[in-house]
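>>> whatever this is, show me its structure:
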Amino acid sequence: MYIYFVNFIFLYRTLKIQQNSRIMTTPPNESYGYFSDYPKTLKRWFRGWKSEIKGVKLEHVLNGVTQQPISLLDFRYYLLKKEHSAENLEFHYWLQSYKTRFNDLPEVKKSLAPPPTETLDPDFCKVPNEKNYANLNQPFRDEIEATIKTYFNSESLKALNLPSNIISYTTYCSNGTTHPDVFEEAYAYVYKFMEEKSLKQFIHLALQNIQYSFIVYQYTIAAVSLLVTAMFLFNSITLNMSQWSRLALFFLIFFMVSGFLAGRSGFCMMRSCSNLRQVPIYMSHLVDPAQQPGSKPSRTNRVQTQDLECNTKPCKDLSKIMDKEVIKYNKQMTFHILATSLVLAIVAAVLGVVFD
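Residues are numbered from 1 along each chain as shown. Reported below is the predicted structural model:
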């Protein structure tokens, strides 16, 4: 029951902050050039660049502007199930809520908790000697102590992954004041990590509309097509087959190239045309057990459907893509895969017919 209560409080604060900040952020509306962006797609295929959406920032996700599959709910499940760093997101919303509540206090109470006077340096390692009982009258003292135990204690399950000097600085300053500035250094580090690491990896995975097993299937198609192509060329030469028979290279090369590029992109063009995507592995616990062959509803599944952190009904294996920027990206990627496959297939077929 305690975890349900904590999740309810988190959800309530998240929605409250979204309502207050949504007017500050508008959805991105970028253009996706089929030819001007082609070099980026080539780097994505052959140099390992991560997929990205133009104009989408961390603030868009945190403010609830983006939609499925890059919504705030998707991002939270990614942090919770894939990256295992959901405490970063929880700390972000807690601090935003705390700043609001602290700023709403009367000036008399706020004066009891002045900003910290210490400055952070790389070698900061001060430790508070003992509990400062003179500061017990400061506002939100119990909450601050609970926050320190939750996010800055190495033995806590929700401890933030912070450098030791930031942990020491925050712990030391929190012993003297409950001012929100105590957590600014830690928050800046957490926010930068989510912006530069978590968000980029999350979008990279969110743009893949198939799971890993289907990616392997795409590579298998490419490998089989390559093998059949080699056998076909060998037979056409040794058996003195007609050069026009090599027009079949068009289909073989097309399936080989499209399968390879689709695998590199984690992409299915048919699902893209229908604006559908396969639910990623880290969200598979939300899939309705009835959609999974041979599975039976378990006690775990029943509990998950009631979990307040989910607040959704079980979904199907395929989910609808709602975000307009993701739809634009999918159209662009579909064009790039089809165009590249067609051009290479035509070239291969022509060369096969012309050269003996």
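>>> strands of the protein, start to end?
According to DSSP state E, the chain carries its strands in the segments 276-278, 318-320.
>>> so which of the ones you listed is nearest Ser284?
For those, proximity to Ser284 was assessed by C-beta to C-beta; strand 276-278 is nearest, at 9.5 Å. (Glycine included, C-beta is placed from N, CA and C.)
>>> measure how far stretch 179-187 is from the centre of its chain, please.
Remark: stretch 179-187 is offset 25 Å from the chain centroid, using C-alpha atoms, centre = their mean, to the nearest Å.
>>> span of that stretch from start to end?
Terminal residues of stretch 179-187 are spaced 14 Å apart (C-alpha to C-alpha, to the nearest Å).
>>> avg pLDDT for it?
Averaging pLDDT along stretch 179-187 yields 96.
>>> do the same with stretch 142-157
Here stretch 142-157 scores 94 as its mean pLDDT.
>>> ok, and the closest non-adjacent residue to Met322?
Among residues not flanking Met322 along the chain, Gln67 sits closest, at 3.9 Å (C-beta to C-beta, 6 or more residues apart in numbering).
>>> who touches that neighbour in this structure?
For Gln67, the contact set (C-beta atoms under 8 Å, 6 or more residues apart in numbering) comprises Met322, Asp323, Lys324.
>>> could you rerun that using 10 Å?
Gln67 makes contact with Pro27, Leu73, Asp74, Lys320, Ile321, Met322, Asp323, Lys324, Glu325, Val326, Ile327 under the criterion C-beta atoms under 10 Å, 6 or more residues apart in numbering.
>>> which one of the strands of the chain is the most hemmed in?
Most buried of those, by mean neighbour count (mean count of other C-beta atoms under 10 Å): strand 276-278, with a mean of 20.
>>> in its sheet, what does that one sit against?
With DSSP bridges as the test, strand 276-278 is paired with strand 318-320 (antiparallel).
>>> residues making contact with the strand it pairs with?
67-69, 74, 209, 271, 274-280, 283, 286-287, 291.
>>> filter the contacts of Gln67 to the buried ones?
Leu73, Asp74, Ile321, Asp323, Glu325, Val326 (16 or more other C-beta atoms under 10 Å).
>>> pick out the most distant pair among those.
Largest separation among those by C-beta to C-beta: Leu73 and Glu325, giving 16.9 Å.
>>> who's in contact with the closest residue to Pro163 other than its chain neighbours?
In space, and not counting its chain neighbours, Pro163 is closest to Tyr189: 7.3 Å by C-beta to C-beta, 6+ apart. Contact analysis of Tyr189 by C-beta under 10 Å, 6+ apart lists Asn88, Leu160, Asn161, Leu162, Pro163, Ile166.
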